[in-house]
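Chemist: pasting a predicted model and its sequence here:
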Amino acid sequence: MQPKPNIFLKFIPLIGGILIISTGLLALNFYSKSKNNGYSSASIKIKASPINLENFCQQYQTIGKNLQLWNQESLSEDEVLVKTQAYPNLPFSLYAVALPNIKDKARKAKVPVLMYHDILPTKEVFFDVTPEELEADFELMKSKGVTPISLDQLIIHLRTGSPLPEKPVLLTFDDGYGGHYEYVYPLLKRYKYPAAFSVYTKNMGINTGRSHITWEQLKIMVEDPLVTIAGHSKTHPPDLTKLSDEELNQEVVESKQILEKKLGKSIRYFTYPTGKNDERVRKIVEEAGYIAALAMDDADEKFAGESENLLAIERFGQSRLEELVDRASGGEVVNCSEQN
């Protein structure tokens, strides 16, 4: 008598096929999630092991001049993680001076930080700028080979001495006017220029004779990589140095808390109203958790690297742009061949 065939054996090929398909679907799903999160298997593997500048140069021969921040956490640490345009999935570390100091190498550069205020069709005071004048400024920078950089890029440079484009400039817009959303932001997107906007919280969305940006508009802007939002106090007092410690905490600390709660983003930078500051004010700004602060002295305008430290980064009024485009300099170029 012949043995009866085992019915289970008939289903082995089918079961095997199901297992293969299931494994493939799981792998595809993992890859899809990794891709959507902006990671590749290579970047996941390498994220835990950043390499320093010397090793990077040995392996890749070039670092480029337009470094981007790898993550926000490292900006205040002893080693800042950055990435290059050529290798966006590869982090490498640069040794940084202790906060709030500026690295000596960065002092050789001449990076102008330009300060704008309101942008509106008809000027009301001498430092107002029309949309047409702002676009003419952008065209001038473009024709002169000037490269606007982000505030993050400037801080990376000032802390590490890392390379910048040949003619860098930082664009800043103070006081959160409505024209910043209506006129400035569309121009930034068209030219792909980054900029920093300093806003104080009291007048958000309020028309005081001049319109002010709304929370809804600011939430749109803060999601754009071109935009950095900086704290600028709660009420924009004319001189922070005249305030009591309690009043200072309200202006410096509480404004940061309000912005972070409303925007869901970490606010790392502060801008002194009217530029006025002293050692006591800077200490409270630092203790509040700001990494750097923008100042202004009409009587003694300086390049960023000439500032005392990161808590008092000097700026120029925008009216000096035509003069500064020919003076701007990224400083000493980092050559990988020198690292080998």
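Modeler: That came through fine.

Chemist: what segments of this protein are strands?
Modeler: With DSSP state E as the criterion, the chain has strands at 51-52, 68-69, 79-83, 92-95, 113-116, 147-149, 168-174, 195-199, 227-231, 269-271, 292-294, 316-317.

Chemist: how about TSV for those, with distance to residue 329 added?
Modeler: All C-beta spots, glycine's among them, are computed from the backbone N, C-alpha and C. TSV is the format used below for those (distance: least, CB to CB, whole Å):
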stretch	distance to residue 329
strand 51-52	26
strand 68-69	21
strand 79-83	21
strand 92-95	20
strand 113-116	14
strand 147-149	12
strand 168-174	8
strand 195-199	20
strand 227-231	22
strand 269-271	23
strand 292-294	20
strand 316-317	14
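
Chemist: which one of the ones you listed lies nearest to residue 302?
Modeler: When those are ranked by distance to residue 302, counting by CB to CB, first place goes to strand 316-317 at 8.1 Å.

Chemist: any idea how far the residue nearest to residue 302 when sequence neighbours are not counted is from residue 51?
Modeler: Distance criterion CB to CB, 6 or more residues apart in numbering; nearest residue to residue 302, sequence neighbours excluded, is residue 314 at 3.9 Å. The gap separating residue 314 from residue 51 is 34 Å, by CB to CB, to the nearest Å.

Chemist: just the mean pLDDT for stretch 116-129, thanks.
Modeler: The pLDDT scores in stretch 116-129 average 96.

Chemist: ok now that stretch, how far from the chain's centre?
Modeler: Here the centre of stretch 116-129 is set off from its chain's centre by 25 Å, with CA atoms, centre = their mean, to the nearest Å.

Chemist: please identify the buried residues of it?
Modeler: For stretch 116-129, the neighbour count (16 or more other CB atoms under 10 Å) marks 116, 117, 118, 119, 120, 128, 129 as buried.

Chemist: let me know the closest of those to residue 150.
Modeler: Closest to residue 150, out of all of these and judged by CB to CB, is residue 116, at 15.9 Å.

Chemist: lowest-confidence stretch among the strands of the chain?
Modeler: Minimum mean pLDDT among these: strand 51-52, a mean of 78.

Chemist: tell me what that one is packed against?
Modeler: strand 92-95 (3 or more CB pairs under 8 Å, 6 or more residues apart in numbering; DSSP states H and E).

Chemist: could you dump the strand it packs on to PDB, C-alpha only?
Modeler: C-alpha atoms of strand 92-95 as PDB (Å, rounded to 0.1, in the frame of the first residue of the first chain):
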ATOM      1  CA  PHE A  92      31.300  66.600  10.500                       C
ATOM      2  CA  SER A  93      32.400  68.500  13.600                       C
ATOM      3  CA  LEU A  94      34.200  71.800  14.000                       C
ATOM      4  CA  TYR A  95      35.900  72.700  17.300                       C
END
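
Chemist: right, I'll call it a day here.
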